[in-house]
Structure formats: structure tokens, C-alpha cells
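Q: need a 3D model of the sequence below.
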Amino acid sequence: MRQRLIFLFTLALMGVSSVVSARSMEAGSIWLSGGLGPGLELQADPSDLSKALILSGQVEYPFIEHWSAIGELGVGIGASHPIEARVGARYRVTGLSIPVSPYMQGQLLLGRLLGYSSNQLTWGGRGLIGLDFFLTKDIALGGQFGFSFIGLINNDNTSTALSKRTGSAEWLLTASVALDQEKE
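A: The predicted model follows:
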């Protein structure tokens, strides 16, 4: 039964693939995305990991064929994960013969640690790779893996664990939709 379901799912994807082709996102369009998945807060001591559920909301604005500006808000639910505002750029591979578009992204981030009574602000950089599968020209499902290098802005020495925080990794499933489907 399971093999039959996988076979039918594969046939359905192939059917969608024959109708839809990966495309360049039109310059000036606006895309909204949401993401959900696991995250790990990495410490200087590899045995000390903090896990969380990551929620992400993102706006993508393609300004030329392969390049987009990105604004994002990420929230970690659990342990010492931060709420972060992230801005950056994305390079997207387009024009493939299948409705898939891989991308690379770089971001700067500023956030606040959750789960601590002190006011701990974080800063850093984030790189990620991802892949979108276009169901239609205006709707895509995908996944991404990102890694952040993180530092503290106001380390008030309330916790030595905070000063050993080195970064975070996230694996997210994403869904994206174009806001302006019809241009006249």
C-alpha cells in the first residue's frame, strides 16, 4: 500500500511538472513565505545543545531576474532560542526544465534571546541553501537549511552558558505565494 501511494504521489508531481516550469520571479513582485521546522542552538561545548521549534515569516522582493531582497522574522519556541529580525539577499537559479528553483541566501540578523530574565541581544550573520518546487507560477513549496553565527551585544555575565553560544542551525519546510498574481 505504501509503495502504491509513493508511486501515485510521484505521478502527480510529474503531472504538475509537465504543466508548470520553473520560472524567474518577476522583478517587482512580492512573495510571502512561511516556514516551520526544528532548530538547534549550538554551544562551545558540543554536548550542550538546545532544541526548539522554529517559526519563520518572510518577504521576498525580486529586484532583478536572479536576485531578491529578503526580510524575515524568525522565532524559536523552546530553551534559549531568540526572536530575530533578518535582512539579506537571495540568489535564485531559474530557467530549469523542471519546476524547481534552488537558491542561496545571506543575511544579517539582530535578535533577543528568549527564556532569560536579563536583556540579552544577539547579532550575527546567517547563510542558507534552499529549494522551491513551483506548484503554479505563483505558489511554491520548499525546504531550506540555514546556519547562523551569533554573538551577544550586551553580555552582562549573568550566565556563562550565554557567552559560549556560537550559532544555530535550522531545517525548515516552507510555503510561498506571490501577492500580485495578475499585473495589468
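Q: following the helix or strand of the chain with the lowest mean pLDDT in sequence, what is the next regular element?
A: For the chain, the helix or strand with the lowest mean confidence is helix 160-163, at a mean of 49 (criterion: mean pLDDT, DSSP states H and E). Past helix 160-163, heading to the C-terminal end, the next element that is a helix or strand (DSSP states H and E) is strand 165-178.
Q: flag every buried residue along that following strand.
A: By neighbour count with 16 or more other CB atoms under 10 Å, strand 165-178 contains the buried residues 165, 167, 168, 169, 170, 172, 174, 176, 178. The way it works is simple: take the backbone N, C-alpha and C, and place the C-beta from them, glycine included.
Q: by pLDDT, give me the weakest of those residues.
A: Lowest pLDDT within the buried residues of strand 165-178 is found at residue 165 (59).
Q: which intervals of this structure have sub-threshold pLDDT?
A: By pLDDT under 70, the low-scoring segments of the chain are 2, 5-24, 43-49, 79-81, 114-119, 152-165, 181-184.
Q: 80 instead?
A: Screening the chain residue by residue with the criterion pLDDT under 80, one finds the ranges 1-26, 41-51, 78-82, 95, 112-122, 150-167, 180-184.
Q: that one: strands as residue ranges?
A: Counting by DSSP state E, the segments of the chain that form strands are 31-43, 50-62, 67-77, 82-92, 100-113, 121-136, 139-152, 165-178.
Q: okay if I get these as a markdown table plus distance to residue 25?
A: As requested, the strands of the chain are exported to a markdown table (distance: least, CB to CB, whole Å):
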| stretch | distance to residue 25 |
| --- | --- |
| strand 31-43 | 7 |
| strand 50-62 | 4 |
| strand 67-77 | 7 |
| strand 82-92 | 7 |
| strand 100-113 | 8 |
| strand 121-136 | 10 |
| strand 139-152 | 9 |
| strand 165-178 | 8 |
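Q: closest one of the buried residues of strand 165-178 to residue 110?
A: Relative to residue 110, the closest of the buried residues of strand 165-178 is residue 168; by CB to CB it sits at 14.0 Å.
Q: quick check, the closest one in contact with residue 39.
A: Yes: between residue 168 and residue 39 there is a contact at 5.9 Å, judged by CB atoms under 8 Å.
Q: bridging residues for residue 121?
A: Beta-bridge partners for residue 121, by DSSP bridges, are residue 112.
Q: how many neighbouring residues does it have?
A: 14 (other CB atoms under 10 Å).
Q: isn't it up against residue 109?
A: No: counting by CB under 8 Å, residue 121 does not reach residue 109; the two are 10.8 Å apart.
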